[in-house]
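Engineer: Have a look; sequence and predicted model below, questions after that.
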Amino acid sequence: MNGAWVPAGDRELFDRQSPAHGVPVTRVPKCTVEDLDAAVDAARRAFDDRRWSGLNGQARAAVLLRTGALIRERADEIAYFETLENGKPISQARAEVLGCADMFEYASGLARSLHGDSFNNLGDGLFGLVTREPVGVVGLITPWNFPFLILCERVPYILASGCTIVAKPSEVTSATTLILAEILSDAGLPDGCMNVVTGAGSSIGQALIEHPRVDMLSFTGSTAVGRRVVEAAGKSNFKKLGLELGGKNPQIVFADADLEDAADGVAFGIGFNTGQCCVSGSRLIVERSVADDFARMVQAKFDKVRVGDPLDEATQIGAITTEAQNATIMSYIERGQAEGARLICGGAQLDMGRGQFIVPTLFGDVTRDMSIAREEIFGPVLTIMPFDTIEEAIEIANDTDYGLAASVWTKNIDKALTVTRQVQAGRFWVNTTLAGGPELPLGGFRQSGWGREAGIYGVEEYTQVKSVHIEIGKRDHWVK
Ligand code: NDP
């Protein structure tokens, strides 16, 4: 907070156990509302006195570039904390951390290139400028599924815009957010520009979304809490909002696709991060003529994928992050069977002697009204539904309240483009899935969220535009 560590003192502490090993990993204080006020004060002062937004783009870019370099230096340490708190495979964690360094490096360019517009067509007496101004103090609430990646899809862009930050990570995955604050300080970010409060969402998170001196709130998490964020903004100061919420993302496979490629992509799309991923491809929609064969191909991939200790370099699917999430996923697996879906494979916990693991699960005979076909499970559970025509495939894909992401697998350019244009989703993949980089924006249609993160769109999200009208010469007087 304000560029320095604050001793936990007599604050209540939260102990985090590794979900894969059941051993204590980290201990963080439950910050109080007074702590939050102090953090907002620090961010407020840092913004209002222009110690950051008043710097030129080159100076801001230099801090972001140094941050990227320091993340690379500390990549192993950060990756271990990610794996131990979240349960994700260490090889995946390491790759994510290096991707995060890239986010900072990319955003450093945006700090220099962000600009407004000018209007030279208002007549000889008037000249118009549009400037982009940072919104102010940004409250940043991040979830436990990608603690460092989701943080770094936002922080560099927020800082590139000139805003300051109060971040609240999920209570169960706080370590790497605290490490990033330390790195930013080491990289030369002025005090007060990045502050972190740890603690539970229901207390300190709720206080942050209601805080009247926070100008914008960026929230990533469940649709249910997203609704609270909207209510709190209305009841407090109408803060600007960025929301990235849930998804129930379709993967459409046509018979003419490279089916080997598609089966591997579909397995990756639901198995990556144990399916605890807002963009997981959880609804498989397959052309009927190949549906049974394709289900067997996906099952073969599921049988071979390596589930186990996330500290093992060979592991591809690690532990479920929380006991509550584990129980939620297992309850959906039971509900799917109770509602009449056919369990093709999986559906069970993997007994590793400790920790919580669920093997990839595939359901057939799924109808659109079933809860496993409609609700975000956030686990390695895939449903399969057949289609006969492209119109039907699009209709099934759009039959959801969400609109976060979608994939289409086909070798036919007309089908690929028709599906891409007509399915409602903020992120689309053709013959691949979950690919991406800092250049392309993230965000959802419909109830999957508001606004965009990353890319040039991501930095613009944290700005507001100001129209400036400049009179040239003498005004034509109103009172003659
Ligand atoms: P939440 O939406 O509860 O958590 C996301 C973040 O919001 C966490 O930092 C959490 O803090 C915080 N939070 C919780 N309650 C409040 C509140 N009242 N005010 C402000 N912040 C709050 O998700 P869950 O962890 O409960 O997961 C439930 C479901 O949400 C999952 O099964 C999944 O479907 C979905 N989800 C979607 C994500 C996405 O990327 N789109 C990410 C995570 C979950 P804390 O963890 O400390 O309580």
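Structural biologist: Structure's in. What do you need?

Engineer: residues making contact with stretch 409-427?
Structural biologist: For stretch 409-427, the external contacting residues (Cβ atoms under 8 Å, 6 or more residues apart in numbering) are 249-254, 256-258, 261-262, 265-266, 279, 390, 393-394, 397-398, 403-406, 408, 428, 430-431, 436, 440-446, 448-449, 452. C-beta coordinates here come from the backbone N, C-alpha and C atoms, glycine included.

Engineer: repeat that with 6 Å
Structural biologist: Stretch 409-427 is touched from outside by 252-254, 256-257, 262, 390, 394, 397-398, 403-406, 408, 428, 430-431, 443-445, with contacts defined as Cβ atoms under 6 Å, 6 or more residues apart in numbering.

Engineer: The host helix or strand of Leu343: what's the following helix or strand?
Structural biologist: Taking DSSP states H and E as the criterion, Leu343 maps to strand 342-345. Scanning the chain past strand 342-345 towards its C-terminal end, the next helix or strand to appear is strand 361-364 (assignment: DSSP H and E).

Engineer: and the residue in the stretch 251-400 of the chain that the ligand sits nearest to, how many neighbours?
Structural biologist: Nearest residue of the stretch 251-400 of the chain to the ligand: Cys278, at 3.2 Å (Cβ to the nearest ligand atom). By the other Cβ atoms under 10 Å criterion, the neighbourhood of Cys278 contains 27 residues.

Engineer: any idea how far Ser174 is from it?
Structural biologist: Cys278 sits 20 Å away from Ser174, going by Cβ to Cβ, to the nearest Å.

Engineer: thinking again about what came up before, is it possible to mark the buried ones in the contacts of stretch 409-427?
Structural biologist: In these, burial by neighbour count holds for 252-254, 257, 262, 390, 394, 397-398, 403-406, 408, 430, 443-445, counting by 16 or more other Cβ atoms under 10 Å.

Engineer: Narrow those to those in strands?
Structural biologist: Those of the buried ones among the contacts of stretch 409-427 mapping onto strands are Ile252, Val253, Ala405, Ala406, Val408, Val430, per DSSP state E.

Engineer: my guess is the third one contacts Val279, does it?
Structural biologist: Yes: under the criterion of Cβ atoms under 6 Å, Ala405 makes contact with Val279 at 4.0 Å.

Engineer: Quick one: distance of stretch 249-257 to the chain centre.
Structural biologist: Between the mean C-alpha point of stretch 249-257 and the mean C-alpha point of its chain there is a distance of 24 Å (Cα atoms, centre = their mean, to the nearest Å).

Engineer: Extract the CA atoms of it and return them as CSV.
Structural biologist: Presented in CSV, the C-alpha positions along stretch 249-257 are these (Å, rounded to 0.1, in the frame of the first residue of the first chain):
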residue,chain,number,x,y,z
ASN,A,249,-19.0,-21.4,-25.0
PRO,A,250,-19.8,-23.4,-28.1
GLN,A,251,-17.4,-25.4,-30.2
ILE,A,252,-19.0,-26.2,-33.5
VAL,A,253,-17.4,-29.1,-35.5
PHE,A,254,-18.4,-29.7,-39.1
ALA,A,255,-18.0,-33.1,-40.8
ASP,A,256,-15.5,-31.6,-43.3
ALA,A,257,-13.1,-30.5,-40.5
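
Engineer: element containing Leu180, please.
Structural biologist: The secondary structure element spanning Leu180 is helix 175-186 (assigned by DSSP H and E).

Engineer: do that helix and the ligand meet?
Structural biologist: No: interface with the ligand: helix 175-186 contributes nothing (Cβ under 6 Å from any ligand atom), its closest point being 9.9 Å away.

Engineer: got the contact list for that helix?
Structural biologist: Helix 175-186 is contacted from outside by 3, 26, 67, 70, 78, 81-82, 85, 147-148, 151, 167, 169, 194, 196, using Cβ under 6 Å, 6+ apart.

Engineer: can you check stretch 440-451 too?
Structural biologist: Residues from elsewhere that reach stretch 440-451 (Cβ under 6 Å, 6+ apart): 223, 241-245, 247, 401-404, 424, 426, 452-455, 457, 461.

Engineer: go on, stretch 460-469?
Structural biologist: With Cβ under 6 Å, 6+ apart, stretch 460-469 has contacts from 128-135, 158, 161, 163, 242, 451-452.

Engineer: again, 7 Å this time
Structural biologist: Identification of contacts with stretch 460-469 by Cβ atoms under 7 Å, 6 or more residues apart in numbering yields 116, 126, 128-135, 138, 157-158, 161, 163, 216, 242, 451-453.

Engineer: Then stretch 217-232?
Structural biologist: Under the contact criterion Cβ under 7 Å, 6+ apart, stretch 217-232 has outside partners 138-143, 150, 154, 201, 209-210, 233, 239, 241-246, 447.

Engineer: what helix or strand does Leu110 sit in?
Structural biologist: Secondary structure (DSSP H and E) places Leu110 in helix 90-113.

Engineer: circling back: and the ligand, which of the contacts of stretch 217-232 contact it?
Structural biologist: Counting by Cβ under 6 Å from any ligand atom, the subset of these that neighbours the ligand consists of Ile141, Thr142, Pro143, Gly201, Ile209, Glu244, Leu245, Gly246.

Engineer: Now the third one. Its backbone dihedrals?
Structural biologist: Think Pro143. phi -90, psi -180 (degrees, to the nearest 10).

Engineer: now it, nearest residue through space, not along the chain?
Structural biologist: Counting by Cβ to Cβ, 6 or more residues apart in numbering, Pro143 lies nearest to Gly221, which is 4.6 Å off, once chain neighbours are set aside.

Engineer: burial measure for the one you found, as a count.
Structural biologist: By the criterion of other Cβ under 10 Å, Gly221 has 23 neighbours.

Engineer: Now do the contacts for the residue in the stretch 1-150 of the chain positioned nearest to the ligand.
Structural biologist: Scanning the stretch 1-150 of the chain for proximity to the ligand using Cβ to the nearest ligand atom identifies Pro143 as nearest, at 3.3 Å. Under the criterion of Cβ under 7 Å, 6+ apart, the neighbours of Pro143 are Ile150, Ser170, Thr220, Gly221.

Engineer: distance of the last one from Arg427?
Structural biologist: Here the criterion is Cβ to Cβ. By it, Gly221 lies 18 Å from Arg427.

Engineer: Which of the contacts of stretch 440-451 are buried, as a ChimeraX select command?
Structural biologist: With 16+ other Cβ under 10 Å as the burial test, the buried ones among the contacts of stretch 440-451 are selected in ChimeraX as follows:
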select :223,241,242,243,244,245,247,402,403,404,424,426,452,453,454,455,461
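
Engineer: what residues does the stretch 301-450 of the chain put near the ligand?
Structural biologist: With Cβ under 6 Å from any ligand atom as the criterion, the stretch 301-450 of the chain meets the ligand at residues Gln325, Thr328, Glu376, Phe378.

Engineer: do that again at 5 Å, thanks
Structural biologist: Glu376, Phe378 (Cβ under 5 Å from any ligand atom).

Engineer: Specify which member of the ones in strands among the buried ones among the contacts of stretch 409-427 is nearest to Arg16.
Structural biologist: Using Cβ to Cβ, Ala405 is the member of these that lies nearest Arg16, at 29.2 Å.
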